[in-house]
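**Student:** Got a sequence here, can you model it:
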Amino acid sequence: MVDNLIEYKCPCCGGKIEFDSGLQKMKCPFCDTEFDVETLKNYDDILKSDKAAPNEMNWGKKPSGAWQDGETDNMSVYICDSCGGEIVCDDTTAATHCPFCGNPVIMAGKFTGELRPDCVIPFKLDKEAAKEAFARHLKGKRLLPKAFKTDNHIDEIKGVYVPFWLFDTDSNVQITYRATKVRAWSDSKYNYTDTRFYSVTRGGSVSFQNIPVDGCSKIPNDLTESLEPFDFSQAVDFQTAYLSGYLADKYDVSQEQCADIANARVRKSTETEFTSTVVGYSTVTPQSVNIKLSNGKAKYALLPVWLMTTTWNGRQYLFAMNGQTGKFVGDLPMDVGAFFKWFLGIAAAVSSALLLLSYIVYFDL
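**Tutor:** Down below sits the predicted model:
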């Protein structure tokens, strides 16, 4: 199947134009002409229809060596308007580059009807900022293998608009706690402990807005959650022009599936917030927790993320940076030898301190 593509070309020189995160405008790299995103809004008219209108062709009988039934179920084929090359990608890819001429292309059919995002947060930081953040991430890590720092290189770095579901809800709460106050003292004969028990009740309501849940199964949820928070005050109405020059995916995790994750986050945050108000006690244990959610709403958004991969000792490591705030996350390998040296050093320091303390106590007595 060959679907529709959108390419943004400079009306002055015909060159490809992309969204510039520094200027927050579209810019032609050939003649340096700049355009406001609003001036390209008419390109999005194709997205207002409920369904895309792909071109289909009957190729007749399959020749020997053709794709077998089911092999292309999750693949899409596009024709680059600039060079005529075929762009083959999976069915969730919504923006990419032509592998032949490098032109940024946007798959129009991925944003039609209910697939059209409600809003987008444009990239604020560019690729160089992501590389610098990666270098900073490696600094000061004592247990990081030296070879990883010196021999490491980034296998791939890409700016991706990741699909997220954003949830709003009200949380009505009634929680009862079992609390204690413990007082201890002693005299020349006995040690005493006085424990008093209390029943503490908290009730009220909390409103949540724009709870983000990753709608892309390709990226681990713990990674995208670590990139929070995003500043949703900078979100703008979706236009495909913002995607030019970046990669983008459409969601492949449904709103209903993500709602379960959002509900769990709301309940956990609500209980934590109310529990933090129960102070002045020795112990606090929830006995009855009643949290009711209401007035739920959901939006579909694209959020900016820089993804980086690097390989070391046969293992691939994935790193990510919030393309709006610069927050950087990702796991690093550990030098086992350096860890044991560090651990033994700490143990030796603690043993020396205890020995010195016992020496002081002995002579004081």
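**Student:** Give me the pLDDT for residue 239.
**Tutor:** pLDDT, residue 239: 87.
**Student:** Ramachandran angles for it?
**Tutor:** phi -140, psi 140 (degrees, to the nearest 10).
**Student:** Look at it and say how many residues are nearby.
**Tutor:** Using other CB atoms under 10 Å, the number of residues around residue 239 comes to 20. From N, CA and C alone the C-beta is placed, and that goes for glycine too.
**Student:** cool, residue 289 as well?
**Tutor:** Residue 289 has 15 nearby residues by other CB under 10 Å.
**Student:** Am I right that it sits in a helix?
**Tutor:** No. Using DSSP: H, G, I helix; E, B strand; the rest coil, the assignment for residue 289 is strand, not a helix.
**Student:** Just the pLDDT at the residue nearest to it when sequence neighbours are not counted, thanks.
**Tutor:** Once flanking residues are discounted, residue 289 sits nearest to residue 175: 5.1 Å by CB to CB, 6 or more residues apart in numbering. pLDDT recorded at residue 175 is 95.
**Student:** Just after the host helix or strand of residue 175, pick out the following helix or strand.
**Tutor:** Secondary structure assignment for residue 175, by DSSP states H and E: strand 156-186. Sequence-wise, the next helix or strand downstream of strand 156-186 (DSSP H and E) is strand 191-214.
**Student:** and that following strand, what other elements does it pack with?
**Tutor:** Here strand 191-214 touches strand 156-186, helix 221-226, helix 255-275, strand 283-312, going by 3 or more CB pairs under 8 Å, 6 or more residues apart in numbering; DSSP states H and E.
**Student:** Give the buried residues for that strand.
**Tutor:** 200, 202, 208, 210-214 (16 or more other CB atoms under 10 Å).
**Student:** Does residue 252 belong to a helix, a strand or coil?
**Tutor:** Of the three states, residue 252 takes coil under three-state DSSP.
**Student:** gap between it and residue 163?
**Tutor:** According to CB to CB, to the nearest Å, residue 252 stands 8 Å off from residue 163.
**Student:** Neighbour count: those two, which is higher?
**Tutor:** Each of residue 252 and residue 163 has its neighbours counted (other CB under 10 Å); residue 163 has more, 25 against 15.
**Student:** Out of the helices and strands packed on strand 191-214, which gets nearest to residue 331?
**Tutor:** Closest approach to residue 331 among the helices and strands packed on strand 191-214 is made by helix 221-226 (9.2 Å; CB to CB).
**Student:** residues making contact with the closest one?
**Tutor:** 162, 164, 212-214, 261, 305, 318, 320, 327, 329-330 (CB atoms under 8 Å, 6 or more residues apart in numbering).
**Student:** next one: stretch 315-326
**Tutor:** Contacts with stretch 315-326, where a contact means CB under 8 Å, 6+ apart, come from 21, 121, 123-125, 129-130, 133-134, 137, 155, 159, 219-220, 223-224, 226-227, 229-231, 234, 303-311, 327-333.
**Student:** Can I get that stretch in CSV, CA atoms only?
**Tutor:** In CSV, the C-alpha atoms belonging to stretch 315-326 read as follows (Å, rounded to 0.1, in the frame of the first residue of the first chain):
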residue,chain,number,x,y,z
ARG,A,315,24.9,-4.8,25.2
GLN,A,316,22.9,-1.8,23.9
TYR,A,317,22.1,1.1,26.3
LEU,A,318,19.2,3.5,25.7
PHE,A,319,19.3,7.1,26.9
ALA,A,320,16.7,9.8,26.6
MET,A,321,16.5,13.6,27.0
ASN,A,322,13.4,15.7,27.4
GLY,A,323,13.4,17.8,24.3
GLN,A,324,11.8,20.7,26.1
THR,A,325,13.5,20.9,29.5
GLY,A,326,16.8,19.0,28.9
